[in-house]
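Asker: After the sequence you'll find the predicted model.
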Amino acid sequence: MKAAYSGVLDKRMRMTYEDFLNDPDILNLTPELALLKMMLVNFIQGCNQEALQDTDVIRTAAGLLETVGRMVERMERIQSNHTLTMATMRLIMARAIDVLKGKWVPEEDMQEFLAEWKMASGPGLLDGHATIGMEKDEE
C-alpha cells in the first residue's frame with residue numbers, strides 16, 4: 001500500500017515519513033514532549049532579564065508552555081483510553097467468576113479454582129473478593 005503523502009515529499013522526508021508510518025508505538029508522544037520542553041527551556045535560558053520583560057518574549061514563552069500543557073493532556077487522554085483502572089479490572093474479574101460459577105467450574109471445584117485464579121491474577125487484583133462466587137444459598 002502506498003503512503004498517502006509520499007508522492008509529494010522529497011526522498012529524505014519520504015523516508016522519515018515512512019519510518020513514522022512503520023512505528024509500532026506511534027501513539028507514544030514522549031519524544032515530542034521532551035523536544036517541546038527542551039525548546040521552552042532553551043528559549044528561556046537564551047533570554048536575558050531585559051528580554052524577559054518584553055511582551056512578545058513573554059507571549060512566545062507562554063505559547064510554548066501552553067503547547068507543552070496541551071501535549072501532556074493529549075498523552076493523558078491516549079493513556080487513559082488504553083488503560084484499565086484497578087476498579088474496572090476487579091469488576092471484570094468478579095463478573096468472570098460469576099459467569100464461570102456452576103457452568104464451567106462445578107461448585108465442588110470452585111474453592112480450588114478461585115485460589116488458582118487469585119494466584120494467576122497477581123496480588124491485589126481480587127482483594128476483597130476472595131469469596132465471590134462461593135456464597136452459599138441461604139436456607
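Answerer: Sure, I can see it.
Asker: what's in contact with the helix or strand hosting Ala34?
Answerer: In this structure, Ala34 sits in helix 30-45 according to DSSP states H and E. Outside helix 30-45, the residues within contact range by Cβ atoms under 8 Å, 6 or more residues apart in numbering are Leu52, Thr60, Ala61, Leu64, Leu65, Thr67, Val68, Met71, Val72, Met75. Every C-beta, even on glycine, is put in place using the N, C-alpha and C of the backbone.
Asker: how far is it from where the chain is centred?
Answerer: Taking the mean of its C-alpha atoms, helix 30-45 sits 22 Å from the chain's own mean (Cα atoms, centre = their mean, to the nearest Å).
Asker: can you pull the buried residues of it?
Answerer: Applying a neighbour-count criterion of 16 or more other Cβ atoms under 10 Å, the buried positions in helix 30-45 are Leu33, Leu36, Lys37, Leu40.
Asker: Quick check: the gap between the last one and Asn81.
Answerer: This points to Leu40. When distances are taken as Cβ to Cβ, to the nearest Å, Leu40 and Asn81 turn out to be 27 Å apart.
Asker: just Ile92 next, same as before
Answerer: In this view, Ile92 and Asn81 are 17 Å apart by Cβ to Cβ.
Asker: Show the low-confidence segments of this structure, by residue range.
Answerer: Within the chain, the stretches with pLDDT under 70 are 1-3, 82-83, 122-139.
Asker: That one: helices as residue ranges?
Answerer: In the chain, the segments counted as helices under DSSP state H are 11-21, 30-45, 55-81, 86-100, 110-121.
Asker: Quick check: Leu40 vs Ala34, distance?
Answerer: Applying Cβ to Cβ, one obtains 11 Å for the distance of Leu40 from Ala34.
Asker: got it, and Ala87?
Answerer: Using Cβ to Cβ, one gets 32 Å for the distance from Ala87 to Ala34.
Asker: do you know how far the most centrally placed residue in the chain is from Ile97?
Answerer: Nearest to the geometric centre of the chain sits Gln79, at 2.1 Å (Cα atoms, centre = their mean). Counting by Cβ to Cβ, the gap between Gln79 and Ile97 amounts to 28 Å.
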